[in-house]
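*Asks:* Have a look at this prediction, sequence included:
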Amino acid sequence: MNKRLHNNPRELFSRHVYNPILKPAEWPYVVNSVFNPGAIQVEGETILLCRVEDCRGFSHLTVARSPDGKSNWKVDPQPTLARSQESHEEQWGLEDPRIVWFEPFESYAITYTSFSPAGPQVSLALTEDFETFERQGVLLPPEDKDAALFPRKFGDRYVLIHRPIVRGEQHVWISFSPDLTHWGDHEILLPRRSGWWDDAKVGLGPQPIETRLGWLMLYHGVRETASGSLYRVGLALLDSDDPTKVIRRCDPWVLGPREDYEYRGDVPGVVFPTGAVIDEPSGELRVYYGAADTSIGLVTANLEEILSYLESC
Ligand code: BMA
């Protein structure tokens with residue numbers, strides 16, 4: 001293990017040289033911003049399901065594909081999953097998807113924020129090909145967001161990480177369901193930490209990723225400052241068999257806004273990861289994030305170095 005990384009955890013991740021890898025100016029149709037993408041590998045190809053905000057201020061989701069997860073992105077020529085006109089729950093758009101290969105249904109499960117006049121809530125859609133989607137409706141009511149299913153059941157129950165607002169507090173919660181409709185056994189999984197860099201609120205980043213040590217969880221933490229909210233990224237590890245157990249949570253943040261494109265945009269001072277993949281041959285962890293709510297950045301790390309760092313926390 002490289003000692004330098006222990007000294008400076010903020011060097012665990014490297015920004016890709018092509019950053020921002022996807023920008024609104026390069027989109028095939030006119031948009032305001034592209035950010036907060038879900039990510040998954042499908043037959044060697046990397047698929048990003050990007051949140052795209054149109055020039056009315058409503059978001060939809062559009063697929064971008066790349067053979068190496070870094071370059072040569074091919075973006076669908078029009079919205080891939082657009083607001084459903086009939087759906088009350090998506091009246092104000094679809095935001096911030098997280099994707100898992102969902103073993104029980106043998107399809108990809110996309111949890112996203114459906115934004116309704118009642119507030120943001122957690123919805124689910126299933127797809128096999130990222131061309132046609134089956135909406136499953138709302139899983140949990142407003143205000144709730146930043147949700148991902150675990151890719152498999154635990155015992156006979158589905159498990160969801162999400163971020164409701166309860167009595168004004170914004171912590172990461174975990175909930176269980178026998179049927180994806182009725183949810184219970186809700187508990188706080190990862191609380192915000194008063195006074196810390198993740199003092200104001202915390203929320204799940206990318207989908208949970210299974211590793212040899214447990215479920216790798218990246219999360220965003222927010223501090224309120226005189227010039228607005230600062231969104232940074234922290235690391236935690238959940239027990240493989242019982243994801244309610246947080247085995248590790250690192251003290252410092254591991255990624256925060258630094259580059260021009262992370263400070264210049266609709267919401268300055270934001271790095272907001274929502275998708276991650278592991279390149280099996282190289283052991284590279286690739287994390288995709290929204291930069292300043294305007295473009296998409298990529299950071300990479302060596303998974304083993306991340307795990308060693310977590311073990312030292
Ligand atoms: C969060 C979410 C994200 C957004 C972030 C920073 O609350 O709404 O969609 O990227 O704020 O503005």
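*Replies:* That came through fine. Residues are numbered from 1 along each chain as shown.

*Asks:* For the stretch 101-250 of the chain, what lies in contact range of the ligand?
*Replies:* By Cβ under 6 Å from any ligand atom, the residues of the stretch 101-250 of the chain that approach the ligand are Tyr231. Any C-beta I mention is one placed from the backbone N, CA and C, and that applies to glycine too.

*Asks:* give me the number of residues near the residue of the stretch 101-250 of the chain found nearest the ligand?
*Replies:* Taking Cβ to the nearest ligand atom as the measure, the stretch 101-250 of the chain has Tyr231 as its residue closest to the ligand, at 5.6 Å. Tyr231 has 28 neighbours, counted by other Cβ atoms under 10 Å.

*Asks:* So for the helix or strand it falls within, could I get the coordinates as PDB, restricted to C-alpha?
*Replies:* When secondary structure is defined using DSSP states H and E, the element that contains Tyr231 is strand 228-238. Extracted C-alpha coordinates of strand 228-238, given in PDB (Å, rounded to 0.1, in the frame of the first residue of the first chain):
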ATOM      1  CA  GLY A 228     -23.300  28.400  -0.800                       C
ATOM      2  CA  SER A 229     -23.300  24.600  -0.500                       C
ATOM      3  CA  LEU A 230     -20.100  22.600  -1.000                       C
ATOM      4  CA  TYR A 231     -20.700  19.100  -2.200                       C
ATOM      5  CA  ARG A 232     -17.900  16.600  -1.500                       C
ATOM      6  CA  VAL A 233     -17.500  12.900  -1.600                       C
ATOM      7  CA  GLY A 234     -16.800  10.400   1.200                       C
ATOM      8  CA  LEU A 235     -16.300   6.600   1.500                       C
ATOM      9  CA  ALA A 236     -17.900   3.900   3.600                       C
ATOM     10  CA  LEU A 237     -18.100   0.200   3.600                       C
ATOM     11  CA  LEU A 238     -21.100  -2.000   4.400                       C
END
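
*Asks:* other SSEs contacting the next helix or strand after that strand?
*Replies:* Per DSSP H and E, strand 228-238 leads on to strand 246-249 as the next helix or strand towards the C-terminus. In terms of contact count using 3 or more Cβ pairs under 8 Å, 6 or more residues apart in numbering; DSSP states H and E, strand 246-249 is assigned the packing partners strand 184-190, strand 228-238.

*Asks:* what pairs with strand 246-249, and is each one parallel or antiparallel?
*Replies:* Its sheet considered, strand 246-249 pairs with strand 228-238 (antiparallel) by DSSP bridges.

*Asks:* Let me see the contact set for the closest residue to the residue of the stretch 101-250 of the chain closest to the ligand other than its chain neighbours.
*Replies:* Spatial nearest neighbour of Tyr231, excluding adjacent residues (Cβ to Cβ, 6 or more residues apart in numbering): Val270 at 4.2 Å. For Val270, the contact set (Cβ atoms under 8 Å, 6 or more residues apart in numbering) comprises Ser229, Tyr231, Pro257, Glu262, Gly290, Ala291, Ala292, Asp293.

*Asks:* Give me the distance between Val270 and Glu45.
*Replies:* Per Cβ to Cβ, to the nearest Å, Val270 is found 28 Å from Glu45.

*Asks:* Can you give me the neighbour number for the closest residue to the ligand within the stretch 51-200 of the chain?
*Replies:* Residue nearest to the ligand within the stretch 51-200 of the chain: Asp96 (4.9 Å; Cβ to the nearest ligand atom). Number of residues near Asp96 (other Cβ under 10 Å) recorded here: 25.

*Asks:* I'd guessed Pro268 sits against Tyr261; true?
*Replies:* No. The pair Pro268 and Tyr261 fails to qualify as a contact (Cβ atoms under 8 Å) at a distance of 10.2 Å.

*Asks:* which residues are common contacts for the two?
*Replies:* Shared contacts of Pro268 and Tyr261, defined by Cβ under 8 Å, 6+ apart, comprise Ala292.
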